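Undergrad: Sequence first, predicted model second:
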Amino acid sequence: MKKIAILVSGKGSNMHQILQAVKSGMLCNSIVSLVISDRWCQAIQYALKENITVFSLIKTHKKFLSKEIDNILVRYIPDIIVLSGFLSILDAEFCEKWFNKVINVHPSLLPKYGGKGMYGIKVHQKVIKNKEKISGATVHYVTKNVDLGDIILKKICKIDPEDTPISLSQKVSIIEKEILIQSINKLLTIKL
């Protein structure tokens, strides 16, 4: 059984998608064994309802956050670590230690609209402001350089003239969930 650890900061919609994929067999021979949050969020409540082990590092100073997460992960040894709306930046030492085991889904076509401070609606506001014709989502490996790890999968969506940051975020969210599950499946299959 392949173990998936999920790091969260928000409502957990991508985490929910992963759990549904495990239950339905889309992610076969796998289990979400662990959820770690860096702040109080809805995802914690959902994970607890699903009887998943949860660690909430709310009171951990961000200087020590990566080390605390590492301390937890070494006890559970996940096969893959998924950042699911996780807003904290993991330090270089952590990224090196867990190299090619940590993935993230980003709401743009990286390398465009990536980097520190580019997340959520901020990305879509910038895309619309710059009058882009396409957007999409990217799944990539996490490295010490924010949003610059090797790309695993990306998918494009067309931006309509009437799109707003909100409507674009809804389109991209659908793509994020789709390519995140495909990427996890691909990586877990490689690691068999």
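TA: Done, it's in.
Undergrad: what about Val139, is that helix, strand or coil?
TA: Classification of Val139 by DSSP: H, G, I helix; E, B strand; the rest coil places it in strand.
Undergrad: Give me the neighbour count for it.
TA: As a burial measure, Val139 scores 25 neighbours (other Cβ atoms under 10 Å). For every residue, glycine as well, the C-beta is placed using N, CA and C.
Undergrad: residues in contact with it?
TA: By Cβ atoms under 8 Å, 6 or more residues apart in numbering, the residues touching Val139 are 103-106, 151-154, 179-180, 182-183.
Undergrad: For this protein, give me the ranges with low pLDDT.
TA: For the chain, the stretches with pLDDT under 70 are 191-192.
Undergrad: for it, what spans make up the helices?
TA: All helices of the chain, identified by DSSP state H, fall at 13-24, 42-49, 62-76, 92-97, 121-129, 165-190.
Undergrad: For Thr138, find the nearest of the ones you listed.
TA: Closest to Thr138 of those, according to Cβ to Cβ: helix 165-190, at 7.8 Å.
Undergrad: Next, the buried residues of the closest one.
TA: 165, 168-169, 171-173, 175-177, 179-184, 187-188 (16 or more other Cβ atoms under 10 Å).
Undergrad: Same question for stretch 76-85.
TA: 78-85.
Undergrad: Repeat that for stretch 2-11.
TA: Using 16+ other Cβ under 10 Å as the test for burial, stretch 2-11 gives 2-10.
Undergrad: How about stretch 89-99?
TA: Neighbour-count burial for stretch 89-99 flags 90-91, 94-95, 98 (criterion: 16+ other Cβ under 10 Å).
Undergrad: List just the nearest of these to Ser135.
TA: Leu90 (25.3 Å).
Undergrad: pretty sure the closest one contacts Ser66?
TA: Yes - look at Leu90 against Ser66 with Cβ atoms under 8 Å: they come within range, at 5.0 Å.
Undergrad: Beta-bridge partners for Leu83, please?
TA: Taking DSSP bridges as the rule, Leu83 bridges to Leu7, Asn104.
Undergrad: how close does it sit to Lys131?
TA: Applying Cβ to Cβ, to the nearest Å, the value for Leu83 to Lys131 is 29 Å.
Undergrad: number of nearby residues for the residue nearest to His106 when sequence neighbours are not counted?
TA: Excluding the flanking residues, the one nearest His106 by Cβ to Cβ, 6 or more residues apart in numbering is Thr138, at 5.0 Å. By other Cβ under 10 Å, 26 other residues sit near Thr138.
Undergrad: so Thr138 touches Leu109, yeah?
TA: Yes - counting by Cβ under 8 Å, Thr138 touches Leu109, with 6.1 Å between them.
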